[in-house]
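1. For reference, the sequence and a predicted model appear below.
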Amino acid sequence: MKDFDPNSAADLDSGIFGLPHSFEDAKLIFLPVPWEATTSYGGGTSKGPAAIAEASYQVDLFDLEVSNPFEAGMHILPASKKIAAWNKAAKADAQKIIRAGGRIGKNKSLAKALANVNKISAQVNEEVRKESARILASGKIIGLVGGDHGSPFGAIEAMAEVEESFGLLHIDAHSDTRDAYEGFQWSHASILRNVMDQIPQVSKLVQVGIRDFCQEEWDYIQESNGRIETFFDLDCQKKIANGENWQAQVKQIVSRLPQKVWITFDVDGLDPRFCPNTGTPVPGGLDYAEAVILIGEVARSGRTIVGFDLNEVSPGDSEWDANVGARLLYKLSAWTLASHGLRPLVKR
């Protein structure tokens, strides 16, 4: 690092954010997962990790809240060619089912396609789990970069192998608690249902920005006996309209989380003007600054961000979505490192 100038333009042959770190000397490792097989509306999120990495060269490394986050070391792994190939195969079969609206009936061809998508999706989960476990066993912090929101299940599963209990802070437009949406066991719309049903180490799920969900999801939340707490976007906006500022709401949201927290961030949790090309944009949502304040409060509260994932960035025809995604990734990284005591806060 002694020859690295954070004020200079990034070398195009450097690592993410223009940094010189290797796996060995980085504290934070990014795991890209180019996966979007079950995406049921807009596509392109499998290209998100590469687009974010490229856009990261434009991010200024100075941070107003966390002192020089980059000094802790950040490194992105190569994207798995195996997962990319699985994505292509599974997406071809998934599209047949999506066009049928998930109604398979006695159609043997569709039943075979569904079985193949579910099989490959499980293989992706296991591949992500094994690679995440390797990262954690090396004493590193993990930040997964998707892909659609189905991408991080294996990483959360790996975290559950080393943490007896932790909570999830879920920022999203959607609850993602459908039961095998369109028949896909590992659908992007079922990720939080799968986590809560299959990973008991996740003691609490706190959802923020939710504004598009079905009756089944509403019932699932209500029947969770408090294990799931959802701060619906409409309710948050009503409070703002009635004079309760965002900072006060943020403190209430964070107070519901346990000491150790994994952040799962779907960019459609933001107002669509920030990432308009995301797979399923929904009107409303968080302002970029509101999301950053919320993430920061988790660390400022004394909680530890054990890991995170950032999903559903689709590059589209411009650099805008990836630009926003890269900046979100840097802020998630900064506050995660600060929560581990690896970087101090800026004193002003």
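-> Looks like it came in fine. Numbers count the residues shown, from 1 in each chain.

2. can I assume Gly296 is in contact with Thr336?
-> No: contact criterion Cβ atoms under 8 Å: Gly296 and Thr336 do not qualify, at 10.8 Å. C-beta coordinates here come from the backbone N, C-alpha and C atoms, glycine included.

3. count of neighbours near Thr336?
-> Residues lying near Thr336 (other Cβ atoms under 10 Å) number 29.

4. Please tell me how far it sits from Ala113.
-> Distance of Thr336 to Ala113, given as Cβ to Cβ, to the nearest Å: 39 Å.

5. Repeat that for Asn323.
-> Distance of Asn323 to Ala113, computed by Cβ to Cβ: 36 Å.

6. which other helices and strands contact the strand or helix carrying Asp321?
-> According to DSSP states H and E, Asp321 maps onto helix 320-339. Counting by 3 or more Cβ pairs under 8 Å, 6 or more residues apart in numbering; DSSP states H and E, the packing neighbours recorded for helix 320-339 are strand 28-33, helix 48-55, strand 141-146, strand 260-266, helix 288-300, strand 304-311.

7. for the ones you listed, which one sits closest to Val208?
-> Closest to Val208 of those, according to Cβ to Cβ: helix 288-300, at 6.7 Å.

8. list the buried ones in that closest one?
-> 288, 290-300 (16 or more other Cβ atoms under 10 Å).

9. And for stretch 74-93?
-> In stretch 74-93, residues buried by neighbour count (16+ other Cβ under 10 Å) are 74-77, 79-80, 83, 86-87, 90-91, 93.

10. Inside helices: which ones of these?
-> Here DSSP state H is the test, and the buried residues of stretch 74-93 give 83, 86-87, 90-91, 93 as lying in helices.

11. Let me have those in a markdown table, extended by distance to Pro258.
-> Listed next are those as a markdown table, based on distance: Cβ to Cβ, whole Å:
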| residue | distance to Pro258 |
| --- | --- |
| Ile83 | 31 |
| Trp86 | 34 |
| Asn87 | 34 |
| Ala90 | 34 |
| Lys91 | 36 |
| Asp93 | 39 |
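
12. tell me, how many neighbours does the closest residue to Ser224 other than its chain neighbours end up with?
-> In space, Ser224 comes closest to Met196 once its chain neighbours are excluded; the distance is 7.3 Å by Cβ to Cβ, 6 or more residues apart in numbering. Other residues lying near Met196 total 19 when counted by other Cβ under 10 Å.

13. OK, contacts around Met196?
-> By Cβ atoms under 8 Å, 6 or more residues apart in numbering, the contact list for Met196 reads 177, 202, 205, 224, 227-228.

14. Report pLDDT for it.
-> Met196 carries a pLDDT value of 98.

15. got it, and Leu31?
-> Taking Leu31 on its own, its pLDDT is 98.

16. Any idea what Lys260 is bridged to?
-> Under DSSP bridges, the beta-bridge partners of Lys260 are Thr304.

17. Lowest-scoring secondary structure element of the protein by mean pLDDT?
-> Ranked by mean pLDDT, DSSP states H and E, the weakest helix or strand in the chain is helix 81-99, scoring a mean of 95.

18. angle of that one against strand 28-33?
-> For helix 81-99 against strand 28-33, the angle by axes from the mean of the first three to the mean of the last three Cα atoms, to 10 degrees is 50 degrees.

19. now what about helix 81-99, what contacts it?
-> The contact list for helix 81-99 (Cβ under 8 Å, 6+ apart) reads 33-40, 46, 104, 109-110, 113-114, 116-117, 120-121, 123-124, 127-128, 182-184.

20. same deal with stretch 119-137?
-> Contact with stretch 119-137 is made by 29, 31, 33, 35, 37-38, 77, 80, 82-83, 86-87, 89-90, 142, 144, 150-155, 157-159, 161-162, 184-186, as judged by Cβ under 8 Å, 6+ apart.
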